[in-house]
Structures are given as structure tokens and as C-alpha cells.
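[1] Just a sequence and a predicted model for now, questions to come.
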Amino acid sequence: MAARLSTRADYDSLLDKYDTWLFDCDGVLWQGDRLIDGVPEVLSLLRARKKSVMFVTNNATKSRKNYKKKFDALGLQAHVDEVFGSAFASAVYISSVMKLPKDKKVYVIGMAGMEEELQEEGISFLGGTDPADNTLEPFSLANFTPDPSVAAVLCGLDTSVNYTKLSKAFYYLTRHPGCAFLVSNEDSTYPTAEGLLPGAGAVSAPLRYALGRDPVSIGKPAGTMLDCIKAKHDFDPARTIMVGDRLNTDIEFGKAGGLATLLVLTGITQESEITGPNASHTVPDYVTNSIGDLRAVNA
Ligand SMILES: O=C(O)[C@H](O)[C@H](O)COP(=O)(O)O
Ligand SMILES: [Mg+2]
């Protein structure tokens, strides 16, 4: 059973127990571009107490550099090396795990953030934000000249997904032997300030259905993100806590990594999913309404 936090003593003991705080972003720090109440104060008090703070997001629409700009715009202190996104983890996976040969390319269903991280890793790609692919013109194989060097398809949240992109990805995944099918993450929904929208998982779902094949998923809860963090930062998992709003990504990620887990209810997960007859089998160590609740330690 998760420990429900509410008193100053609860939050004080949490701060005493954990030196490294990994924060999910969408639904924990913000909803779209709207900051969640109390986030600046809580991040400042953690830094004032010499806690290590990092940000671990499945949102592949932005690169780490672009996230730094978002943090700055929202008045949140953050360093690029503290930010870990699934676009970055996907690029690292392709270069360091898959070791994609330099003469090969990735066909992208995704946005600028994904392209920037692939570029940073020296990975060639096509598709993505290319105007030729962002069209509602009917697609036909008769007018399509495939690029023989495509050896992987990477799919993430893409708010301009269309039949042309799905068809080209499908072509490469069915006609290029050994073409890898990768997704940055599988979140079914995406929390915005105005409400839920389809997530990255909903963008890759048509491909999975057409192919009858599951992709390799790189974002939370997969371990690739934690490997990326470990490659850059030393931390003791036993004194590290993962703060998230989603059970099947953030909390599973924390558990799989041997970290403590704190669920907040400002994003995807609703009260009914953690209590009552339909409660999920994924049980976080701690639950609190919002990360802003930690301000109680200064009250
Ligand atoms: O659809 C998506 O990609 C996700 O909803 C979203 O981006 C999750 O981001 P996170 O909560 O991991 O920051
Ligand atoms: Mg989230």
C-alpha cells in the first residue's frame, strides 16, 4: 500500500531520506506550458538543501537544449545536463546500442526535438519535419522513391502525423530486411493545460497494427533512460526517488531501477487508479496530491 503524504513531518522525512530527485515533466512540473503551482519553490528548496535534481521526460518533441529554453521561460533553474528526454535516449540507443553504420539513415515520425538529438549524435535521418512528408496529398507507391540507406524507423509524438509518413515507415519496415522498428515512448495520452490528448503511443499504434509487430520502446519504463543518466551522473539508487504522474511509465521506471517512487495526482493518474476495487497493480511507495505539497517543509 502506498504511503499517503500530507503532514510537514511526512515531507521532512522524505527530504532526509533522498539525495537525488528525478522528476518527470508533463503532469508533474507543468501541463503543456502551464506551470503547476509550487514547482519553482520546491525545486529551489531541494537545491538549497544540496539535493541533486534531474528531469526525465518521455516527451520526444523537444531536445535537451530546447527543454532548457522551456525551463528558462518558466523561470525554473535547470542545466542541460540535468535533462533526459526520450528523443536523447533514442539517439543514444541508435548510436551506442544499435551502432547504426554511418552510411545508414533513420526514417523519422516525430518533431524537431527528435531531429536535433539525432543530429547531435551524428545520425542521418529523413522524414520528420521535412515539408515533403508533411502533406495531405494522397500517397502512392508509384510516385515514391525510397531511400535504400534507411535501416531504422523511429516514431515519437508527432502532431503532424499523416498517411504519407505512416506509409513510408511501413514501406521501410516491410521492404528493407532488418529495418529496426523503434519508438521513443508508448504513452497512450499526453496531458496539456486544456486536457488530455493522444500520446506518442497513439501515433505509432497504426504502424503496429499494420505490421502486426511490436517496436523496441526506449523511453520510460525501459531502462535505456536510466543508463543514459548513469552514464553522466553518479547517484545511489537507494537514496534516489522518481517523481511521476503516470503508473505504467514513471512509477514502473523507478521500480525497475531500484529507486523509490512518489506519485503525484496532477497529471495522468487519477485517485481511482490507486485506491478501490480497480486499483492498479503498480503501487508507488508514496503518493501526494501535487509536488507543490513539499512546500510544507518551509511552513
Ligand atoms: O505522448 C507523450 O509523448 C507523453 O504523453 C508525454 O510526452 C509524457 O511526458 P512525461 O510525462 O514523461 O514528461
Ligand atoms: Mg508525466
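    Thanks, I have it. Numbering: from 1, shown residues only. Ligands and ions are numbered 1, 2, ... in the order given.
[2] lowest-pLDDT helix or strand in this structure?
    Using mean pLDDT, DSSP states H and E, the weakest-scoring helix or strand in the chain turns out to be helix 224-232, at a mean of 92.
[3] quick one: that helix near ligand 2?
    No: legend: contact between helix 224-232 and ligand 2 by C-beta under 5 Å from the ion is lacking; minimum distance shown is 13.0 Å. All C-beta spots, glycine's among them, are computed from the backbone N, C-alpha and C.
[4] List of residues touching that helix?
    For helix 224-232, contacts defined as C-beta atoms under 8 Å, 6 or more residues apart in numbering pick out 22, 54, 56, 81, 84, 86, 88-89, 92-93, 97, 218-219, 235, 253, 256-257.
[5] Which members of the residues you listed are classed as buried?
    Neighbour counting with 16 or more other C-beta atoms under 10 Å marks 22, 54, 56, 84, 86, 88-89, 92-93, 218-219, 235, 253, 257 as buried within the contacts of helix 224-232.
[6] and the residues you listed, which of them are in strands?
    Leu22, Met54, Val56, Phe84 (DSSP state E).
[7] if I pick Val53, what's in contact with it?
    Thr20, Trp21, Phe23, Leu43, Leu46, Arg47, Ala78, Glu82 are the contacts of Val53 under C-beta under 8 Å, 6+ apart.
[8] For PyMOL, what selects the buried ones among those residues?
    In PyMOL, a selection of the buried entries from the contacts of Val53 looks like this (16+ other C-beta under 10 Å):
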select buried, resi 20+21+23+43+46+78+82
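[9] Can you flag which of the contacts of Val53 belong to strands?
    Checking the contacts of Val53 against DSSP E, those in strands are Thr20, Trp21, Phe23.
[10] Dump these to a markdown table, plus pLDDT and distance to ligand 1.
    A markdown table is the format used below for the ones in strands among the contacts of Val53 (pLDDT from 0 to 100; distance: C-beta to the nearest ligand atom, whole Å):
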| residue | pLDDT | distance to ligand 1 |
| --- | --- | --- |
| Thr20 | 98 | 18 |
| Trp21 | 98 | 15 |
| Phe23 | 98 | 9 |
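[11] domains for this protein, by residue range?
    In the domain annotation for the chain, the residue ranges read 3-58+221-298, 100-217 (automatic domain parsing).
[12] Tell me if the shortest one is near ligand 2.
    To tie it back to what came earlier, the one meant is domain 100-217. No: figure legend: domain 100-217 not in contact with ligand 2 (C-beta under 5 Å from the ion); closest approach 6.5 Å.
[13] OK, contacts around the residue of the stretch 101-250 of the chain found nearest ligand 2?
    In the stretch 101-250 of the chain, the residue that lies nearest ligand 2 is Asp245 (4.4 Å; C-beta to the ion). Asp245 sits next to Asp24, Asp26, Gly27, Val28, Pro191, Leu263, Val264, Leu265, Thr266, Gly267, Ile268, Thr269 when contact means C-beta under 8 Å, 6+ apart.
[14] and the closest residue to it other than its chain neighbours, which of the three is it?
    Residue nearest to Asp245 in three dimensions, not counting chain neighbours: Gly267, with 2.8 Å by C-beta to C-beta, 6 or more residues apart in numbering. Of the three states, Gly267 takes coil under DSSP: H, G, I helix; E, B strand; the rest coil.
[15] Could I get the phi/psi values of the residue of the chain positioned farthest from its centre?
    Note on the chain: the largest C-alpha distance from the chain mean falls to Ala142, namely 36.7 Å (C-alpha atoms, centre = their mean). Note on Ala142: its backbone torsions stand at phi -60, psi -30 [degrees, to the nearest 10].
[16] what's the distance between it and Ala260?
    Relative to Ala260, Ala142 is positioned 56 Å away (C-beta to C-beta, to the nearest Å).
[17] burial of Ala279, as a residue count?
    15 (other C-beta atoms under 10 Å).
[18] Sorry, slip of the keys, the one I care about is Gly75.
    Using other C-beta under 10 Å, Gly75 has 9 neighbouring residues.
[19] Of the domains of the chain, which is nearest Asp72?
    Proximity to Asp72 (C-beta to C-beta) singles out domain 3-58+221-298 among those, at 12.3 Å.
[20] In the least confident helix or strand of the chain, which residues are buried?
    Buried residues in helix 224-232, defined by neighbour count with 16+ other C-beta under 10 Å: Thr224, Met225, Leu226, Cys228, Ile229.
[21] again, but for stretch 178-191
    Of the residues in stretch 178-191, Cys179, Ala180, Phe181, Leu182, Val183, Ser184, Asn185, Glu186, Asp187, Thr189, Tyr190, Pro191 count as buried by neighbour count, 16+ other C-beta under 10 Å.
[22] Tell me if that stretch is near ligand 1.
    Yes: using C-beta under 6 Å from any ligand atom, stretch 178-191 reaches ligand 1 at Asn185, Asp187, Thr189, Tyr190.
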